[in-house]
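Enquirer: give me coordinates for this.
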Amino acid sequence: MIIKKISKVLVGLRTRHFLVIDAICLVIAPLLALAIRLDGILNLAPYLQSLAVVTVLFLAVKLTVFYAGGLYKRYWQYAGLEEMAQITMLIGISLVQLGVNTQTIKQPRLYPCMST
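Expert: Numbers count the residues shown, from 1 in each chain. A predicted model of the protein is given here:
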């Protein structure tokens with residue numbers, strides 16, 4: 001019963017809804033990753049600047065790559081292997097771009113959570 005209701009809601013979502021859902025997830029992900037990395041230490045103050053930079057960078061790069069790659073132009077109710085391949089390719093491109101950007105801007109004094 002609840003599965004049918006959830007399915008009905010998901011089928012009714014438009015591509016702009018997926019864009020907003022992706023943006024929300026991409027904003028939350030760096031904070032969750034840092035919380036896991038710090039093992040429950042609640043003092044985030046030394047990492048706030050880095051967290052803000054990383055969050056904005058990830059959000060901008062991933063949404064740009066996903067949008068340019070046509071991820072939000074598809075009709076997802078009938079998605080198949082071709083769409084899965086497209087998603088995989090776009091994620092790979094965004095990860096490579098993020099790696100390049102991160103290595104380019106990495107400075108230990110500004111980004112303590114990214115220093116090695």
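
Enquirer: gap between Leu81 and Leu10?
Expert: Per C-beta to C-beta, to the nearest Å, Leu81 is found 20 Å from Leu10. Heads up, the C-betas are built off the backbone N, CA and C, glycines and all.

Enquirer: actually Gln49, sorry about that
Expert: For Gln49 relative to Leu10 (C-beta to C-beta), the value is 37 Å.

Enquirer: one step back: who has more neighbours, Leu81 and Leu10?
Expert: Using other C-beta atoms under 10 Å as the criterion, Leu81 and Leu10 rank with Leu10 on top: 12 against 7.

Enquirer: check which helix or strand the more buried one maps to.
Expert: Leu10 is part of helix 2-12 when elements are defined by DSSP states H and E.

Enquirer: let me know the average pLDDT across that helix.
Expert: Mean pLDDT, computed over helix 2-12, is 76.

Enquirer: can you give me the strands in this structure?
Expert: Shown for the chain, no strands are assigned by DSSP state E.

Enquirer: find the residue at the geometric middle of it.
Expert: When C-alpha atoms, centre = their mean is applied to the chain, the residue found nearest the centroid is Leu26 (3.4 Å).

Enquirer: not counting residues beside it along the chain, what's closest to that one?
Expert: Closest residue in space to Leu26, ignoring its immediate chain neighbours: Leu59 at 4.8 Å, by C-beta to C-beta, 6 or more residues apart in numbering.

Enquirer: average pLDDT across the longest helix seen in the chain?
Expert: What stands out as the longest helix in the chain, according to DSSP state H, is helix 81-105. Mean pLDDT, helix 81-105: 88.
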